[in-house]
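Q: here's a sequence, model it:
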Amino acid sequence: MSDQPVPILMYHSVATAPNEATRALSVAPEAFREQMALLADLKFTPVTTADLGRSWRAGAPLPERPVLITFDDGYEGVHRHALPVLARHGFASTLFVSTGWIRGTHDMGGGLDTMLDWDQVRELAGAGVEIGGHSHTHPQLDQLADDELWFELLRCKEIVAGELGARPVSFAYPYGYSSRRVRRTVREAGFTQSLAVGNALARRRQGPYALQRVTVRRTTGAEEFERLVQGRAIARTFARDRALTKGYAMVRRARQVRRKAIRSRV
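A: Numbering: from 1, shown residues only. A predicted model of the protein is given here:
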């Protein structure tokens, strides 16, 4: 069975003047327009996360040059700036919402910049954007106790279903962090595929709950973007990110061990 690699692009904010909290992972509207035009010129075919999951589960062929365009968190610029560009090209995409950050009844006040409201999320869904889950309050899921983890997943799923009338089937881990326990719980919560970060191309052999993405940020120029979607020089581009991630992973594992020890003594 083919293990054709697929670039999954991870966006966050699309904004002209992002705040400091989101600047590094934001993309200027003109850069986003240029990147989508480049995908069209290179004959890529965007598919949703659900489409990719279904295809790989069934062993069904994907379109020529598939790519995924994904957005995390739920920033207002996805509706204001990204949606018109996606609609112009007829591009599919997936938005992963942290339900406690979306403006409205369920807002917990943790959003990092101006967030979408539920009317805008419904407009995105109506335009063909897949809406996936991204937890309720955007915590590091692998650091949570089991009951907290279940709450984050089920509350997110419940709110999306209630607001949109359809249960989300795709999930993205906040910060990209997961563990075997988290991935198992995401599956048991009813999500059929989930995305990490990893900064590598996605492959079927990664499994449906650990699919890797590449980060698009404010410093990503046109030439670098073209290399990313074509799978060239990705390891070199993200070498520093990988080193930092490995170091921080050791710290986080130590914290998790300490928390487990403390809970076992209580």
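Q: for the helix or strand where residue 69 lies, packing partners?
A: In this assignment (DSSP states H and E), residue 69 forms part of strand 66-73. If contacts are counted by 3 or more Cβ pairs under 8 Å, 6 or more residues apart in numbering; DSSP states H and E, strand 66-73 sits against strand 8-11, helix 29-41, strand 45-46, helix 49-58, strand 94-97. (C-beta placed from N, C-alpha, C; glycine too.)
Q: ok, residues contacting whatever helix or strand comes next after that strand?
A: Downstream of strand 66-73, the first helix or strand assigned by DSSP H and E is helix 77. Contact with helix 77 is made by 13-15, 26, 29, 114, as judged by Cβ atoms under 8 Å, 6 or more residues apart in numbering.
Q: picking that back up, run the angle between the strand holding residue 69 and helix 29-41 for me.
A: Here the directions of strand 66-73 and helix 29-41 differ by 160 degrees (axes from the mean of the first three to the mean of the last three Cα atoms, to 10 degrees).
Q: chain center to strand 66-73: distance?
A: Remark: strand 66-73 is offset 6 Å from the chain centroid, using Cα atoms, centre = their mean, to the nearest Å.
Q: give the buried residues for that strand.
A: Neighbour-count burial for strand 66-73 flags 66-73 (criterion: 16 or more other Cβ atoms under 10 Å).
Q: can you pull out the helices in the stretch 101-250 of the chain?
A: Here the stretch 101-250 of the chain has its helices, by DSSP state H, counting those that start in this stretch, at 118-126, 146-164, 180-188, 222-229, 234-237, 239-265.
Q: pick out the shakiest of the ones you listed, pLDDT-wise.
A: Between the helices of the stretch 101-250 of the chain, the lowest average pLDDT goes to helix 239-265, which shows a mean of 49.
Q: related to what we said a few turns ago, neighbour-wise, which of the contacts of helix 77 leads?
A: Using other Cβ atoms under 10 Å as the neighbour criterion, residue 13 leads the contacts of helix 77 with 28 neighbours.
Q: so what pairs up with it in the strands?
A: Under the criterion DSSP bridges, residue 13 forms beta bridges with residue 26.
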